[in-house]
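A.B. asks: Here you go, sequence then predicted model.
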Amino acid sequence: MIIIGEKISVIAKKVREALMKYDPKPLQELAVAQAKAGAHYIDVSIGPAEDNGPKLMDWAVKAVQEVVHKPLCLDTTNIKAMEAGVKAHNNQWGAPIVNSTSNEPPLRSARAAFRRTLKTAASSRRKSCPAAWNTACPWRTSSLIRLFFRSVLCRTRDDRRSAPSKCSGR
């Protein structure tokens, strides 16, 4: 079982105010509390963040990983912000989870941006688990689901050495 701490959300007043002021302390306190409670991933939700999404996600990822050495679950429908979060994420503690996407028009550009985000994640993940991010796999929804499941299986296999060896399969 994988536990994702979801207290760092723009919906919460305290977090929303911290994000607006770029004040890392409330985010860091929540991240530390969730890590101590046993979360394997820390969710960082900035919402759609249409005006300053990339800058905000970059800042939030760095602020949280400054105090918590865990992978993050990146949560925004802003594709450019998601790309920024994936790039800022320190993969030393595991690959990030891409938690949200938007299928709103223009569909083609959204899909293209999402593919770029995944390719960014793929290139950063290759070093630790090459089979998890197989670039030969077509970038379709069904393939993406398989990629994320393989990523989790690889993480489990690396951590416990007892997980099934499905990481290298398609």
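C.D. replies: Now that the structure is in, tell me what you want to look at. Fair warning: this is a prediction, and the values are worked out from it, not measured in the lab.

A.B. asks: Below-threshold pLDDT in the chain: ranges please.
C.D. replies: Residues of the chain that meet the criterion pLDDT under 70 lie in 101-170.

A.B. asks: What segments of it are helices?
C.D. replies: When assigned using DSSP state H, the helices of the chain occupy the ranges 13-21, 24-36, 53-67, 79-88, 107-125, 141-160.

A.B. asks: Touching, residue 61 and residue 44? I think so.
C.D. replies: Yes: the criterion here is CB atoms under 8 Å, and residue 61 meets it with residue 44 at 6.3 Å. Just so you know, the C-beta spots here come from the backbone N, C-alpha and C atoms, and that holds for glycine as well.

A.B. asks: Who has more neighbours out of those two?
C.D. replies: For residue 61 against residue 44, the residue with the higher neighbour count under other CB atoms under 10 Å is residue 44, and the figures read 31 against 23.

A.B. asks: residues contacting the more buried one?
C.D. replies: Listed by CB atoms under 8 Å, 6 or more residues apart in numbering, the contact set of residue 44 reads 8, 27, 57, 60-61, 64, 72-75, 85.

A.B. asks: so what's it bridging to?
C.D. replies: residue 8, residue 74 (DSSP bridges).

A.B. asks: Which positions in stretch 30-48 come out as buried?
C.D. replies: Along stretch 30-48, the positions that meet the burial threshold by neighbour count (16 or more other CB atoms under 10 Å) are 30-31, 34-35, 39-47.

A.B. asks: Endpoint to endpoint, that stretch covers what distance?
C.D. replies: 21 Å (CA to CA, to the nearest Å).
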